[in-house]
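1. What follows is a protein structure lacking sequence information:
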Ligand SMILES: Nc1ncnc2c1ncn2[C@@H]1O[C@H](COP(=O)(O)OP(=O)(O)OP(=O)(O)O)[C@@H](O)[C@H]1O
């Protein structure tokens, strides 16, 4: 599936998520056990398969949808999903479109969606189930209760993963300050970062499917991930060194299977550390550490690194040395020295 397909599917899943008028209407139909076939747009291709029925052009409200679903035939919505264009429509898609669905309602929904490219929704009267047919696929629209259970479980996993990620990131900071970082130490952080990323993607899908009921989950996810937002970019700034053969391609982590992700040598190979020895020492530039000094403007931090070349050099710089950098006066130089001293103390405690 291309990313364009993916975002189209996400859009329609969002449109059928709890809180939308369409979903309210569909839920009422499920409760009323009547079933329905709804075409989510009225293009020329859709008009080509429509016969009979009533032309309405009435607002899409849960009540209207529920009432019109009592009639035999399909309901056709306007392409912006704000109006009901027609009801009681007989759809006549080309029967040569392959479908594995059983039951005429679901077969028709599948064929119409494939033939016209417009998504359709079927509500099964016998199974009390809502399905979305889009781009040749059928997706069940689960009940919010079922998604909430899964989302809750994923949240608990995310909580464990972010705690561990914070732990290994703090350990990495301590080692960076001691100048004792190895490929293994960075590999462990990347491993944990990717695990958090994967569970985050899963949770984002749940949030979309839950619609308005997903707001709390969304807040909890943001809360758990606060402070981790720029970690990927900072690690790249610190460790990518093309000249030394360290490609540090973090996108490659996404191609590792779950089994491969637990193996640090696979991570090292995918990302590209320029060595296969996990105990090999690495020399971070120090972006991540400097950006932790809140009073220091980012531009000045970047200039400091450019001037000194590495965090270790900044650590051993005198007040006078620091002031040689554009934007650093005596006060700022003192603030940098104090912050670094404080950091060193805190990080040595971390390793103790
Ligand atoms: N080609 C079609 N165009 C419009 N509506 C249709 C079409 N085919 C089926 N339907 C609608 O689906 C209804 C149920 O048909 P049928 O019992 O064959 O479906 P089903 O797939 O077994 O559905 P369910 O899972 O709801 O029992 C029909 O009464 C009609 O309202």
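-> Yep, it's here. This is a predicted model, so every value here is computed, not measured.
2. Against residue 88, how distant is the residue of the stretch 51-200 of the chain found nearest the ligand?
-> Nearest residue of the stretch 51-200 of the chain to the ligand, counting by CB to the nearest ligand atom: residue 103, 2.2 Å away. Every residue, glycine included, has its C-beta placed from N, CA and C. Distance, residue 103 to residue 88, using CB to CB, to the nearest Å: 19 Å.
3. go on, residue 335?
-> Taken as CB to CB, the span from residue 335 to residue 88 is 74 Å.
4. ditto for residue 12
-> Taking CB to CB, one finds residue 12 at 24 Å from residue 88.
5. Of these two, give the one with the bigger neighbour count.
-> The neighbour count for residue 12 versus residue 88, taken as other CB atoms under 10 Å, is higher for residue 12 (21 against 15).
6. The host helix or strand of residue 89 - contacts with which helices or strands?
-> Secondary structure assignment for residue 89, by DSSP states H and E: strand 83-91. Judged by 3 or more CB pairs under 8 Å, 6 or more residues apart in numbering; DSSP states H and E, strand 83-91 is in contact with strand 50-51, strand 54-59, helix 62-68, strand 74-77.
7. Can you name every helix or strand that the very next helix or strand once past it contacts?
-> The C-terminal neighbour of strand 83-91 among helices and strands, as given by DSSP H and E, is helix 104-116. Here helix 104-116 touches strand 36-39, helix 44-49, strand 120-124, strand 129-134, going by 3+ CB pairs under 8 Å, 6+ apart.
8. Columns mean pLDDT on top of these, output as a markdown table?
-> Formatted as a markdown table, these follow (pLDDT from 0 to 100):
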| stretch | mean pLDDT |
| --- | --- |
| strand 36-39 | 98 |
| helix 44-49 | 97 |
| strand 120-124 | 97 |
| strand 129-134 | 94 |
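9. where in the stretch 1-150 of the chain is pLDDT low?
-> Within the stretch 1-150 of the chain, the segments meeting pLDDT under 70 span 1-5.
10. Spell out which residues of it are next to the ligand.
-> Within reach of the ligand by CB under 6 Å from any ligand atom, the stretch 1-150 of the chain has these residues: 35, 37, 72-74, 90-91, 103-106, 108, 124-127.
11. out of those residues, who has the most neighbours?
-> For those, neighbours tallied by other CB under 10 Å; top is residue 74, 27 neighbours.
12. so what's that one closest to, chain neighbours aside?
-> Leaving aside its chain neighbours, residue 74 sits nearest to residue 37 (4.1 Å; criterion: CB to CB, 6 or more residues apart in numbering).
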